[in-house]
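>>> Show me how the following folds:
(4 chains)
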Number of protein chains: 2
Amino acid sequence: MVAMKQARHPAPNEITLIDVMGALNDPIRVGLVRVLADDREHGWGELRAPVAKSTLSHHLRVLRDAGVTRTRQEGTRCFVELRRDDLDARFPGLLNAVLGAAHRDDVGAHVGLADDSPSA
Amino acid sequence: MVAMKQARHPAPNEITLIDVMGALNDPIRVGLVRVLADDREHGWGELRAPVAKSTLSHHLRVLRDAGVTRTRQEGTRCFVELRRDDLDARFPGLLNAVLGAAHRDDVGAHVGLADDSPSA
DNA sequence: CTCAATGTTCGATGTTCGTGAAACATCGAA
DNA sequence: TTCGATGTTTCACGAACATCGAACATTGAG
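Numbering: from 1, shown residues only, chains lettered A, B, ... in the order given. The predicted model follows:
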């Protein structure tokens, strides 16, 4: 369902290092984080990843459960954004270090935004 | 064998972000990294972790294969140390961010050094 | 109401991972 | 050489994970 009762996001202090490391231990999820690094909210539909719909849904769920992203529903559509502030507050420097490293190695390069995306 | 022909460590530029994230995606391995964060070489024997010998050997292998640590053999004993310089050069800030986060949450607290360790 | 769009959840499948016991290899000492 | 200490490797097993297709639920439009 596009609208579960309410996806539960971990509180800032419930975010654990191991969970974050686990969430960022997959090229596709790192790619998603890179896309979200513009600190803007993006709709599912804009996201382009070389996996099935259900798999993408799964990855987005892992990121959300780990506290890396926040999900919002509007009607039948969902939007994601990076929880940069919460992550920075809890693990200073971690997100930037990962983003920098991911950029250098071009991790998750196959993940991106649709051509007609408002951010493209 | 205490002395394999020569453990192959990845070259600095062969270290990948995903491998490092994967290596640091386990409390015991994070604990080991914390112990090694004093930038000194430690013998296997000093290491205390709540796992079997073979499991510890496995974890140290994962860390080595990921390029996080370096292993050296002297006679029948092995020594490990953090590859801090290589990691910092390749992924600036990542190691420090992880160490800081691990310290805050006390990740890998059950890993330590023997009481009679020269560093204890 | 009926349809189409958008995600989620549910198997099912194959892979990777953490773990320990046991067997093995190497080195140093007696 | 025989023994003990120190690690490594192999094997087996259960758990966790990535992936996909199909069925399902919810919402918005016609």
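
>>> so A:V80 sits in a strand?
Yes. Assigned with DSSP: H, G, I helix; E, B strand; the rest coil, A:V80 falls within a strand.

>>> Excluding chain neighbours, what is closest to it?
Counting by CB to CB, 6 or more residues apart in numbering or on different chains, A:T69 is the residue found nearest to A:V80 once chain neighbours are left out, at 5.0 Å. All C-beta spots, glycine's among them, are computed from the backbone N, C-alpha and C.

>>> OK, contacts around the one you found?
Neighbouring residues of A:T69 by CB atoms under 8 Å, 6 or more residues apart in numbering or on different chains: A:L32, A:V33, A:L36, A:L60, A:L63, A:V80, A:E81, A:L82, A:R83.

>>> For the fourth one, give me its contacts.
Residues in contact with A:L60 (CB under 8 Å, 6+ apart) are A:L32, A:W44, A:T69, A:T71, A:V80.

>>> Select from the residues you listed the one having the most neighbours.
Looking at these with neighbours defined as other CB atoms under 10 Å in any protein chain shown, the largest count falls to A:L32 at 27 neighbours.

>>> For it, what are phi and psi?
The phi/psi pair for A:L32 (degrees, to the nearest 10) reads phi -60, psi -40.

>>> My read is that it contacts A:R64, right?
No. The pair A:L32 / A:R64 is not scored as a contact, 10.8 Å apart, by CB atoms under 8 Å.

>>> Mutual contacts of these two, please.
A:V80.

>>> residues from chain A in reach of DNA strand C?
For chain A, the residues in contact with DNA strand C (CB under 7 Å from any atom of the strand) are A:1-2, A:4, A:7, A:43-45, A:53-54, A:57-58, A:60-61, A:71, A:76-78.

>>> Thanks a lot, catch you later.
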